[in-house]
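Colleague: here are the coordinates; sequence isn't available:
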């Protein structure tokens with residue numbers, strides 16, 4: 001299944017590149033917003049031979065704390081309605097204090113980014129509501145979070161890891177200001193499978209889901 005997801009993601013990236021060569025219309029979009037995460041389980045092996053663990057985590061997103069939640073995407077529209085592109089999202093996930101205490105961590109977070117990169121397919125309906133254009137999209141790709149973990153045993157993990165496949169879906173609407181600029185609002189959901197390691201032999205596995213309300217601006221050329 002993972003091989004299929006990775007293969008599909010690569011294929012979509014290649015399709016995006018060809019679409020960009022064949023079509024002059026490119027849309028660059030930049031956004032920020034409000035991002036949250038539902039509960040999920042984290043399991044694995046604690047650092048320094050601390051034994052196995054399996055804990056339910058009520059992850060916190062903290063989208064307005066530094067570094068803030070944000071994202072960007074490039075879409076090559078091959079027609080008035082169909083587009084291909086790539087998208088990067090810098091989300092965040094913090095384990096609450098009670099989970100850290102239970103597992104012996106003073107820090108357990110993806111705070112310098114629960115980073116998601118996907119190849120997207122987009123569909124829009126230009127002028128559906130006058131100057132307002134609704135759209136939907138989805139994509140497949142990878143998660144590469146910055147793992148920040150400090151365990152009571154002395155293990156300190158700090159760095160980026162490619163942890164597994166990721167997917168996103170989104171739906172929103174844009175308002176055209178002029179021929180070059182538009183503003184938009186959207187709902188976006190991401191799902192990622194994350195398997196990584198702590199220093200001193202520990203490991204973790206958790207499926208992270210995010211819900212976000214995004215607001216941004218697009219540049220069209």
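Modeller: Here it is on my side, so go on. Because the structure is predicted, anything quoted here is derived from the model rather than measured.
Colleague: just how off-centre is stretch 89-96 within its chain?
Modeller: Stretch 89-96 sits 10 Å away from the centroid of its parent chain (C-alpha atoms, centre = their mean, to the nearest Å).
Colleague: Name the residues that touch that stretch?
Modeller: Contact partners of stretch 89-96, identified using C-beta atoms under 8 Å, 6 or more residues apart in numbering, comprise 35, 37, 42, 57-63, 65, 67, 69-71, 105, 108-111, 113-116, 145, 168, 188, 190, 208, 210, 212. Bear in mind the C-beta positions are built from the backbone N, C-alpha and C, glycine included.
Colleague: and the next element down the chain from whichever strand in the chain runs longest?
Modeller: Among the segments of the chain that qualify as a strand by DSSP state E, the longest is strand 105-124. Sequence order places strand 132-143 as the next helix or strand after strand 105-124, per DSSP states H and E.
Colleague: give me phi/psi at residue 200?
Modeller: Backbone dihedrals for residue 200, given as degrees, to the nearest 10, come out at phi 60, psi 30.
Colleague: Please tell me I have it right and it contacts residue 47.
Modeller: Yes - under the criterion of C-beta atoms under 8 Å, residue 200 makes contact with residue 47 at 4.2 Å.
Colleague: can you pull out the strands in this structure?
Modeller: Listed in chain order, the strands of the chain (DSSP E) span 26-36, 40-45, 52-57, 70-77, 82-94, 105-124, 132-143, 146-151, 156-160, 164-176, 181-197, 203-220.
Colleague: Could you export these as TSV, including mean pLDDT?
Modeller: Formatted as TSV, the entries for the strands of the chain read as follows, by pLDDT from 0 to 100:
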stretch	mean pLDDT
strand 26-36	97
strand 40-45	96
strand 52-57	96
strand 70-77	97
strand 82-94	97
strand 105-124	96
strand 132-143	97
strand 146-151	96
strand 156-160	95
strand 164-176	97
strand 181-197	97
strand 203-220	97
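Colleague: any chance of the ones you listed in CSV, plus mean neighbour count?
Modeller: What follows is those, written out as CSV (neighbours: other C-beta atoms under 10 Å):
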stretch, mean neighbour count
strand 26-36, 18
strand 40-45, 16
strand 52-57, 14
strand 70-77, 21
strand 82-94, 22
strand 105-124, 21
strand 132-143, 20
strand 146-151, 21
strand 156-160, 14
strand 164-176, 19
strand 181-197, 19
strand 203-220, 18
